[in-house]
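Trainee: Need coordinates for the below:
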Amino acid sequence: MMNNMYIGFITDPIEAFNTKKDSSFAMMLAAQARGWMLYYMQQKDLYVRDGIVYADMQALQVKDQLNDYYQIDESITQPLHQLDAVLMRKDPPFDMEYIYSTYLLELAAKQGLLVVNRADSIRSANEKFFTTEFPEYCPETLVTRDIQRIKQFIKELGHIVVKPLDGMGGAMVFQIKQGDPNTNVILETITQYGTQTIIAQRFLPEYKQGDKRILIINGKPFPHALARIPAEGEGRANLAAGGEGLGVDLSDKEFEICERLTPRLQEMGLMFVGLDVIGDYITEINVTSPTCIRELDKLYSADIAGLLMDEIEIVLQNTMKNRQQ
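Mentor: Next up, the predicted model:
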């Protein structure tokens, strides 16, 4: 195990963490358990001066408890690439500020920093649109802002789901059946009267058996998924929308899907990915701040964040060897 490692975390405000569920917090605990030094940052703390990426960062210690779970030191300013790795764990919305942050992180990576997930890839791999690279494993899918085209899609399939390309947690997800009197108002709202591109997919009734979250750690799927079961009367299975999480073993089909995705994920430097599967179909490929570590850890007495730290350590060791050659 490598000692004297310096790992940064870019997150939402740490004081608002729900430590029972927060995957970023699980990663902090796993890194700290290895004796690595942790540093905490937010997006606003990053800047570039004369071609060098700097950050105002605070040394961080964490405790696995509900309250008084962190301690941060006074802020220091130093070049970001003086750290060994930074985990970009800022939640969506994926707005222009998020994109600007990826520019800074991409520049820091050129200066020697390992960024997880790779900055240019989280910028280009929209979590819903990215599924279109794997059409053989997706339900029928339409990406457009044309309301009439979506209506034709409804006519063809009879029952669809529409959602924005930049949402999370089940926000603004609608089911539409052919003949639904609310069709026009839903489509006008979600496309902002035809000015915002959205994604539409064939409705998958299998969601009632669970919208499964599969975690892929540097190409290796954790062998169990969290099946998110929708609450009674709820059309969404997201935990943020009241869904219940149950542990299930990955099926042969799900292992096949992961194997199909792995070369592309590794090519893009996407070391930690949350794959959403309903039935036998991919619905989302989450790359910004995938969750469900803590739920799966509890169900299976696992240490998924530890597996990620193992992979990060291997990448850093290989990088050091290459530099010495």
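
Trainee: Distance of Glu206 relative to Lys253?
Mentor: 12 Å (CB to CB, to the nearest Å). Glycine gets a C-beta too; all of them are placed from N, C-alpha and C.

Trainee: swap in Val143?
Mentor: Look at Val143 and Lys253: by CB to CB, they are 24 Å apart.

Trainee: now swap in Thr189 and tell me
Mentor: As judged by CB to CB, Thr189 and Lys253 stand 35 Å apart.

Trainee: show me where the stretch 201-325 of the chain has helices.
Mentor: 252-267, 293-300, 304-324 (DSSP state H, counting those that start in this stretch).

Trainee: Oh, that last question was meant for the stretch 1-150 of the chain, not what I typed.
Mentor: 23-33, 96-110, 119-124, 147-157.

Trainee: Only the buried residues of the longest one, if you could.
Mentor: The reference is to helix 96-110. Buried residues in helix 96-110, counted by 16 or more other CB atoms under 10 Å: Tyr98, Ser101, Thr102, Leu104, Leu105, Glu106, Leu107, Ala108, Ala109.

Trainee: Mind picking the lowest-pLDDT entry from those?
Mentor: The lowest pLDDT within the buried residues of helix 96-110 belongs to Tyr98, which sits at 94.

Trainee: For it, which residues are in contact?
Mentor: Gln43, Lys90, Pro92, Thr288 (CB atoms under 8 Å, 6 or more residues apart in numbering).

Trainee: tell me the contacts of the last one?
Mentor: To tie it back to what came earlier, the one meant is Thr288. Thr288 is in contact with Met88, Lys90, Asp91, Pro92, Phe94, Tyr98, Asn117, Ile122, Glu127, counting by CB under 8 Å, 6+ apart.

Trainee: please redo it, this time with the cut-off set to 10 Å
Mentor: 88-94, 98, 102, 117, 122-123, 125-127, 168, 274 (CB atoms under 10 Å, 6 or more residues apart in numbering).

Trainee: What subset of those is buried?
Mentor: So, by 16+ other CB under 10 Å, the buried ones in the contacts of Thr288 are 88-90, 94, 98, 102, 117, 122-123, 125-127, 168, 274.

Trainee: any idea which of those is the one closest to Gly35?
Mentor: Closest approach to Gly35 among the buried ones among the contacts of Thr288 (CB to CB): Arg89, at 20.9 Å.

Trainee: Next, find the distance separating the closest residue to that closest one other than its chain neighbours from Thr189.
Mentor: Using CB to CB, 6 or more residues apart in numbering and skipping the chain neighbours, the partner closest in space to Arg89 is Ser24 (4.2 Å). To Thr189, Ser24 is 32 Å away according to CB to CB.

Trainee: Who has more neighbours out of these two?
Mentor: Ser24 (21 against 14; other CB atoms under 10 Å).

Trainee: so who does that one touch?
Mentor: Applying CB under 10 Å, 6+ apart, we find Ser24 in contact with 9-12, 14, 17, 87, 89-91, 289, 291, 293, 305.

Trainee: ok, how many other residues are close to Leu261?
Mentor: 24.

Trainee: Would you confirm that it contacts Ile216?
Mentor: Yes - if you go by CB atoms under 10 Å, Leu261 and Ile216 touch, sitting 7.2 Å apart.

Trainee: overlap in contacts of those two?
Mentor: Leu270, Val273, Leu275, Ile285.

Trainee: Leaving out the residues flanking it, which one is nearest to the third one?
Mentor: Excluding the flanking residues, the one nearest Leu275 by CB to CB, 6+ apart is Ile214, at 4.3 Å.

Trainee: related to what we said a few turns ago, reformat the buried residues of helix 96-110 as a markdown table; add distance to Ala30.
Mentor: Listed next are these as a markdown table, based on distance: CB to CB, whole Å:
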| residue | distance to Ala30 |
| --- | --- |
| Tyr98 | 25 |
| Ser101 | 23 |
| Thr102 | 24 |
| Leu104 | 25 |
| Leu105 | 21 |
| Glu106 | 25 |
| Leu107 | 27 |
| Ala108 | 22 |
| Ala109 | 22 |
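
Trainee: Buried subset of the contacts of Ser24, written for PyMOL?
Mentor: The buried subset of the contacts of Ser24, as determined by 16+ other CB under 10 Å, is captured in PyMOL by this line:
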select buried, resi 9+10+11+14+17+87+89+90+289+291+293+305
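
Trainee: Pick out the lowest-pLDDT one from the contacts of Ser24.
Mentor: Lowest in pLDDT among the contacts of Ser24 is Asp91, which has 90.

Trainee: Chain neighbours aside, what residue packs nearest to that residue?
Mentor: Ser289 is the one closest to Asp91 (CB to CB, 6+ apart), at 5.1 Å.

Trainee: Please apply the same query to Met27.
Mentor: The spatially closest residue to Met27, leaving aside those adjacent along the chain, is Ala305, at 4.5 Å (CB to CB, 6+ apart).

Trainee: Could you check how far that neighbour is from Glu267?
Mentor: 24 Å.
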